[in-house]
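Colleague: one predicted model, sequence on top.
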Amino acid sequence: MTILIALLKAFLVGGLICAIGQIFIDYTKLTPARILTGYVVAGVILGGGGLYPKIVEFAGAGATVPLLGFGNTLAKGVREAIQEEGLLGVLTGGLGATAAGIAAAVFFSLIIALIFKPKSKS
Amino acid sequence: MAKRKGTYTVVFDEPISVRASAAVGSKKESEGPIGHAFDVINEDDYFGEKTWEKAESRMQQTAIQTALDKAKYQPSDINCVFAGDLMNQCVGSTYGLRSFGIPFVGLFGACSTMAESLMAASVFLDSGAAGRAVACTSSHFCTAERQFRLPLEYGGQRTPTAQWTATAAGAAVLEKGDTPPFIHAATIGTIEDLGITDPNNMGAAMAPAAAATIKRFFDDTGTKPNDYDLVITGDLGKVGGTILRDLLRRDGYDLEHCQTDCGLMLYDLEKQDVHAGASGCGCSASVMCGHILPLMHAGQLHDILFIATGALMNTTVVQQGESIASIAHLVYLSSKKKGGLVS
Amino acid sequence: MNMTPEEYNELTKQSSPRSPFIKDFLMAFAIGGLICALGQAIMMAYQSAGMTEEVSGSVTSVTLVFLSILLTGFNVYPKIAKFGGAGTLVPITGFANAVASPALEFKSEGLVLGLAAKMFVIAGPVIVYGTCASIVYGLIIYLFGLY
C-alpha cells in the first residue's frame, strides 16, 4: 500500500510539474531549450529558497525527475559543499552533485550515436 | 522578344514550350493523394546515399535525368540549367548536377525556386541566349529539419500551423517548340514582410508576398481569377491559403473557387499528420512537374497561374529577432501556344 | 497592400488554429506523471536492494538517462514526445534526449566537429544557466552565512 501511495504521489506531482510546462509550449513562443533552462534555474531558486526540498520529501521521484529537481540538486550540492569546503564549494558543489546524470548523458549519447543511424520521421 | 506589360509583368512573344517534366519523391509522398504522379519513387529516403545532403543531391540528379529521358535529350543538348534548393549555398543542386556538365545558373528563392527557375529559363530561351534549358529544384525533410529546426531524433511537438517539408524534386525541360504546355508570361515578385516572426507559421509569413504578386499580375493584364482554370500557389498550406484569399478579397479579387495550393495537394492533411500542409521547394516542384504540367500536356487543364512562394530568411537572422521576409513569383502557363489570355 | 504589421498580426491570429490545449495538457500530465512514477519505482527498487536514499536518487537519474538515450537511438522517444509534449520535455529523460539527438544527427559531420561538438547544442544552456544560478546562490549563502 505504501508503495502504491508513493507511486501515486510521484505520478500526480510529476505530472503536474510537466503539465505546467505544456502551458509554456502552447501559450508562449518559448522554444524547448528555453523552457528547459527556465525549469533548471527555477529549480535552483526554489531549492535554495527551501520550498523544493519539502516537495521532494512528499513526492520523491515526482519532484526529482523533472528538471526542477535537477536545479534543486545543484542548489543542494552547493550548500553541502560550502559546509565542507568553504568558498571553493561555491564552484564545486553544483556540478559535483549533478555529475552522475551529466556524465551518463554524455557517455551514453556517444555510444548510441556511434551505433545508430539517424532516421527520418514519418 | 519579351515585352513588359503593366509595371511588373513580362510577356513572351513566342511562348516557351515545356517539352517534358519529371518528379521524384519518397515514401510519404508516394502515399499522398498524388502519389501516382511521381515518375520515380524511392521508399528509402536516403536514396541509397550515406547522408541526407547526398540524398537530396541524388534526387535532383534523378529528376533531371528522368526529365531528359522523357524529352529524349542528352545532357549535352541542354545549354543551361537553372536550379536551387534550401540548403546552405544550394549544395543540393551543385553536387546533384556536378556530373552533367551542363552550364549552371544557381538560384536561391527558397520555396519559390520552381517558379523562379521556370521564369529565368524562359527569359534566356526567349532572348536566344539558350536554345534548350532545364529548370529544377528539390527539398528533403531531413536536410531542412537539421538545418532550420531541430535534430530528427529530438522529441518535440509540431504546432497546428507547422508545415511538413516535402522530400521531393521536380525538373522541367524547356525550349522554343510546339509541345504543350507553354509559358506565356511571368511576374517577378518583390520582397514582402508584414512582421511574422514564427518560423512554424510560414504560410502566414508568405501569404502577403503571394497576394502582392497575384494582384499585380491581374492589374497588369486586366484578367480576372475566374478566367483561369486554376490559380495554384506554391506552399502556403491551409493557414496561408486562407489568409491569401482574405487579403485578395480586400483588393477586389475573389479567389474562393479557383485557388488551390501545392501544399494541400501533396499529402492527406489528416491521415498523414502534416498539420497545415506540405512545404519546401520540392513540394511545388513535384506537384507541378509530376501532376499539373502533365495534365496540361494532356489537355485536361488549359490556363494556369502558378505562384510559388518562398521565405527568404535563415536561422541566424531569425535568432537575431528579424521577421520572415518572403517572395512569390508567378508564371502563367497555357495548353495553347497561340491565343492565350495574356498577349 | 495597405496593411500595417499590427493589423496583419491580428488577421493571422484569426486564421491560425491554436494548439488543442486541454488535450495537450492532459497528455503532458499523464506521460510526465508516468515517467516520474517509473522513476519512483526504480528508486524504491534500488533502495530495497540496499542503496541509501542519496545514492539511489543519483542511480535512478542515470537509469532514466540511459533508457531515454536508448529510446532516442531506436527513434522511439520522439514518437512518444509527439503526444507527450512537455511530459517528455521536462523530466530528465527530456534532457538526455536533447543531448543524444544532436550527437546522433550530426555524426555525419565527423566524430569531433559533428557528434561531440554539437552534443550540447540544445542542452548546453541548461548546464550553463543551471550551474551559474547555483554559483550565484552559493555566493549569496556564503557571504551571508546562510549555509
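Modeller: In hand now; what should we look at?
Colleague: count the residues that sit near residue 13.
Modeller: Because you didn't say which chain, this covers chain A. Applying the criterion other Cβ atoms under 10 Å in any protein chain shown, we find 23 residues in the vicinity of residue A:13. Every C-beta, even on glycine, is put in place using the N, C-alpha and C of the backbone.
Colleague: oops, I was thinking of chain C
Modeller: So residue C:13, with other Cβ under 10 Å, has 10 neighbours.
Colleague: geometric centre of chain C: which residue is closest?
Modeller: Compute the mean C-alpha point of chain C, and by Cα atoms, centre = their mean the closest residue is residue C:94, 2.8 Å away.
Colleague: hang on, isn't that residue packed against residue C:85?
Modeller: No: using Cβ atoms under 8 Å, residue C:94 makes no contact with residue C:85, being 10.2 Å away.
Colleague: quick one: contacts for residue C:125?
Modeller: Contact analysis of residue C:125 by Cβ atoms under 8 Å, 6 or more residues apart in numbering or on different chains lists A:33, A:34, A:36, A:37.
Colleague: farthest-separated two in those?
Modeller: Maximum pairwise distance in these, criterion Cβ to Cβ, is 7.3 Å, between A:34 and A:36.
Colleague: which of those two has more residues huddled nearby?
Modeller: Counted by other Cβ under 10 Å, residue A:34 and residue A:36 do not tie: residue A:36 has more neighbours, with 25 against 14.
Colleague: not counting sequence-adjacent ones, nearest residue to the more buried one?
Modeller: residue C:126 (5.0 Å; Cβ to Cβ, 6 or more residues apart in numbering or on different chains).
Colleague: need the pLDDT of that neighbour.
Modeller: According to the prediction, residue C:126 has pLDDT 96.
Colleague: may I ask which helix or strand encompasses it?
Modeller: Taking DSSP states H and E as the criterion, residue C:126 maps to helix C:124-143.
Colleague: quick revisit: the residue nearest to the centre of chain C: what's it in contact with?
Modeller: Contacts of residue C:94 (Cβ under 8 Å, 6+ apart): A:32, A:36, A:67, B:155, C:68, C:81, C:88.
Colleague: give me the pLDDT for the nearest residue to the fourth one once chain neighbours are set aside.
Modeller: Translated: residue B:155. Of all residues not flanking residue B:155 in the chain, residue C:81 sits nearest, at 2.6 Å (Cβ to Cβ, 6+ apart). Each residue has a pLDDT score; the one for residue C:81 is 95.
Colleague: what about residue C:81, which SS state?
Modeller: helix (DSSP: H, G, I helix; E, B strand; the rest coil).
Colleague: what about it, how many neighbours?
Modeller: Residues lying near residue C:81 (other Cβ under 10 Å) number 25.
Colleague: swap in residue B:58?
Modeller: A count of neighbours around residue B:58, defined by other Cβ under 10 Å, yields 22.
Colleague: sec struct for it, please.
Modeller: Classification of residue B:58 by three-state DSSP places it in helix.
Colleague: go ahead and confirm it touches residue B:49.
Modeller: Yes: Residue B:58 lies in contact with residue B:49 (Cβ under 8 Å); the separation is 5.5 Å.
Colleague: overlap in contacts, the two.
Modeller: Joint contacts of residue B:58 and residue B:49 (Cβ under 8 Å, 6+ apart) do not exist.
Colleague: what's near enough to touch the residue nearest to residue B:155?
Modeller: B:155, B:156, B:157, C:88, C:89, C:94, C:97.
Colleague: and residue 63, what element?
Modeller: This is for chain A. Here residue A:63 is assigned to helix A:61-64, by DSSP H and E.
Colleague: chain C, not that one
Modeller: helix C:53-73.
Colleague: contacts for that helix, please.
Modeller: A:61, A:64-65, A:100-101, A:104-105, A:108-109, A:112-113, A:115-116, B:153, B:155, C:35, C:38-39, C:42-43, C:46-47, C:51, C:77-78, C:80, C:91-97, C:99-101, C:104.
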